[in-house]
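Engineer: here is my input, please return the structure:
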Amino acid sequence: MNERAKKRLLDALEACNSIASFARGKSAADYQRDEMLRSAVERKIEIIGEALTQASEIEPEIQDRVADLRRIVAMRNRIIHGYDTVDEEIVWDVITTKLSPLREQIAALLESES
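Structural biologist: Numbers count the residues shown, from 1 in each chain. Have a look, this model is predicted:
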């Protein structure tokens with residue numbers, strides 16, 4: 001794997017790990033009440049989306065190896081361009097149901113290229 005693509009995947013993995021850390025021990029209500037937590041999570045989602053976009057441009061097969069890559073990028077775009085329409089319930093669902101599988105996929109990609 002190209003070193004630039006690998007770096008982008010590491011960036012995405014680090015952002016996933018940060019979100020997991022930020023949300024640990026929190027509830028959906030905590031998330032909705034805490035502007036700083038929401039801002040931090042949204043920033044890391046932006047990084048994940050951008051890093052995966054760049055990695056897949058460098059190594060197109062990444063698109064096939066990361067489930068929902070297009071949806072992840074679409075969420076990044078929604079947060080950046082439609083910041084006033086971000087649904088906190090959807091973001092919380094992503095944190096609680098989609099983040100762990102994404103972390104596993106990215107880690108497996110990186111391991112397979114080591």
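Engineer: shouldn't residue 45 be in contact with residue 79?
Structural biologist: Yes: if you go by C-beta atoms under 8 Å, residue 45 and residue 79 touch, sitting 5.8 Å apart. C-beta coordinates here come from the backbone N, C-alpha and C atoms, glycine included.
Engineer: and these two? Which one has more around it.
Structural biologist: residue 45 (24 against 18; other C-beta atoms under 10 Å).
Engineer: which strand or helix spans that one?
Structural biologist: helix 35-58 (DSSP states H and E).
Engineer: mind giving me the packing neighbours of that helix?
Structural biologist: Contacts defined by 3 or more C-beta pairs under 8 Å, 6 or more residues apart in numbering; DSSP states H and E place helix 35-58 against helix 3-23, helix 28-33, helix 62-65, helix 69-81, helix 88-93.
Engineer: show me the shaky parts of the chain.
Structural biologist: Flagging of the chain using pLDDT under 70 yields the residue ranges 114.
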